[in-house]
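**Q** Fold the following for me, if possible:
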Amino acid sequence: MAITEQMLHELEDFARSHMVPDILHGWPHITRVLHYAGQINLEVNGEWDIIKSAVLLHDIGHNIRTEEHNYAGARLAGEFLESKKVPPRIIGHIKECIITHSRQFSREKPQSREARVLYDADGMDLFGPIGLMRALLSCGLKGKGFDCMIKKLKWRLSERENFFSQKARLYAREHSAIIEDYLEQLKKQLREMER
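**A** This is a model prediction of the structure:
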């Protein structure tokens, strides 16, 4: 049994009901990652129903504070998919994608083609104007200052080549200039304020 269109609608409803209501990991992020995943999958030709399911569910664990979001999300997704009688092989595949999507919190790298698509698509949202905004907001919304922002921006730049697909690697290269420029200007202004 593959994931049907009806099941994808149910997964979307479930994901929306478990999303954090923010711009960083909420529904706008999911729609961007889904768009990127579609582009990457034209290159790698993975199982789209697995990829789309994993994209929809990959950040549902952000509301749970007792464990890292990728592990919490995989657990929640697995429970939901089991309740819908999805075969264990498919559940395991989707859970692998969710567990390994996080560049910061996964203990292992993605192995399957589908998991690598999610990893790359999620990583693409770290770059460009949106990626810059997400980095700054992630610090600002937590009440953290410029040191946090500098650290996050440097980390994003260090991830520029950490992709499996050519599409995602090229995207990160082409969309990292805004982060580099902003980081240099921020550091320059902070130095000037110290004088």
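
**Q** Give the buried residues for stretch 3-18.
**A** Neighbour-count burial for stretch 3-18, counted by 16 or more other C-beta atoms under 10 Å, picks out Ile3, Met7, Leu11, Glu12, Phe14, Ala15, His18. All C-beta atoms are positioned from the backbone trio N, CA, C, and that covers glycine.

**Q** from those, which single one is nearest Val33?
**A** Nearest to Val33 among these is Ala15, at 11.5 Å by C-beta to C-beta.

**Q** Okay, and that closest one sits in which element?
**A** In this assignment (DSSP states H and E), Ala15 forms part of helix 5-18.

**Q** ditto for Gly131
**A** Using DSSP H and E, Gly131 falls in helix 128-140.

**Q** picking up where we left off before, same list, the buried residues of stretch 3-18, but as JSON lines with distance to Ala168 and pLDDT please.
**A** Formatted as JSON lines, the buried residues of stretch 3-18 follow (distance: C-beta to C-beta, whole Å; pLDDT from 0 to 100):
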{"residue": "Ile3", "distance to Ala168": "23", "pLDDT": "87"}
{"residue": "Met7", "distance to Ala168": "27", "pLDDT": "92"}
{"residue": "Leu11", "distance to Ala168": "23", "pLDDT": "95"}
{"residue": "Glu12", "distance to Ala168": "23", "pLDDT": "96"}
{"residue": "Phe14", "distance to Ala168": "27", "pLDDT": "97"}
{"residue": "Ala15", "distance to Ala168": "22", "pLDDT": "96"}
{"residue": "His18", "distance to Ala168": "26", "pLDDT": "94"}
